[in-house]
Structures are given as C-alpha cells and as structure tokens.
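> next input, structure requested:
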Amino acid sequence: MAANQDDESDGSQDTRGLSLYGYPQCPFCQRVLSVVDSLGLDISLRNTLQEADRQRELIEAMGRSTVPVLRIEDEAGEAKWLPESAEIVRYLNARFGEDAVGTGWRDWVSKHMRG
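The predicted model follows:
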C-alpha cells in the first residue's frame with residue numbers, strides 16, 4: 001500500500017487523512033488490509049512494530065498499543081481514532097461503497113489458517 005497522494009485527479013477514492021496503525025503480521029490488521037485492497041483504497045500503514053514513533057502516537061491517543069486502529073483526520077486537522085477491525089471495516093464500507101466485508105478475510109483465513 002503506497003502513501004496517500006494529494007492529487008485525486010486519477011479518479012481514485014479520496015483517502016487523505018486516513019492512516020492505519022498496525023502491522024502486517026496481525027490477523028486483525030490483515031482483515032482490514034484485505035478490505036482496503038478489495039475496495040481499491042490507498043491508505044498508509046503505520047507499522048507499530050517497526051516504527052517506535054508510530055507506537056508512541058498510538059499509545060498517546062488510545063492509552064494502549066492494541067491494533068488495528070484507523071486514524072481519521074478531518075480537513076480542520078482534528079483526529080478521531082477508530083479501534084477494532086470490525087468497526088474499521090464497517091466504516092470503510094460505509095464511506096467507500098462496496099460490501100467487501102468478509103470476502104478478503106475469508107480468502108486470507110483459507111490461505112493462512114488451514115492446517
């Protein structure tokens with residue numbers, strides 16, 4: 001997932017102000033990331049395992065380091081923090097359209113959780 005672009009002239013969804021705090025190995029983060037991919041969104045991942053500053057930001061905002069958390073910054077610069085993968089998925093689907101809940105998640109579970 002690439003960093004957000006300020007130029008939305010290519011017709012892509014406007015995801016400015018959105019960033020996901022988490023890390024790729026987290027299954028709940030994977031759930032969100034699969035929906036982000038299914039919806040074709042460009043939301044930056046702020047890796048809390050590899051970037052100590054990102055983990056500190058998360059703890060300051062939430063009081064804990066549990067991930068995933070979606071940071072939603074409005075045009076005025078005010079940030080809201082949305083925890084819990086199911087809530088993040090609901091938010092993304094409500095804001096950006098398609099009902100991708102579960103599709104990517106089921107594929108990921110099938111691929112990674114079978115013994």
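> can you tell me the SS state at the spatially most central residue of the chain?
Taking C-alpha atoms, centre = their mean, the centroid of the chain lies closest to residue 20, which sits 3.7 Å from it. Three-state assignment for residue 20 (DSSP: H, G, I helix; E, B strand; the rest coil): strand.
> residue ranges with poor pLDDT in the protein?
1-12, 98-115 (pLDDT under 70).
> helices of that one, start to end?
Using DSSP state H, the helices of the chain run over 27-39, 52-62, 85-96, 103-112.
> what's the most buried one of the ones you listed?
Mean neighbour count (mean count of other C-beta atoms under 10 Å) peaks for helix 27-39 among those, with a mean of 20. C-beta here means a position set from N, CA and C on the backbone, and glycine is covered the same way.
> okay, and the beta partners of residue 79?
On the basis of DSSP bridges, residue 79 is bridged to residue 73.
> ok, it - contacts?
Taking C-beta atoms under 8 Å, 6 or more residues apart in numbering as the contact definition, residue 79 lies against 61, 71, 72, 73.
> what separates it from residue 31, distance-wise?
According to C-beta to C-beta, to the nearest Å, residue 79 stands 22 Å off from residue 31.
> for residue 39, same thing?
In this view, residue 39 and residue 31 are 13 Å apart by C-beta to C-beta.
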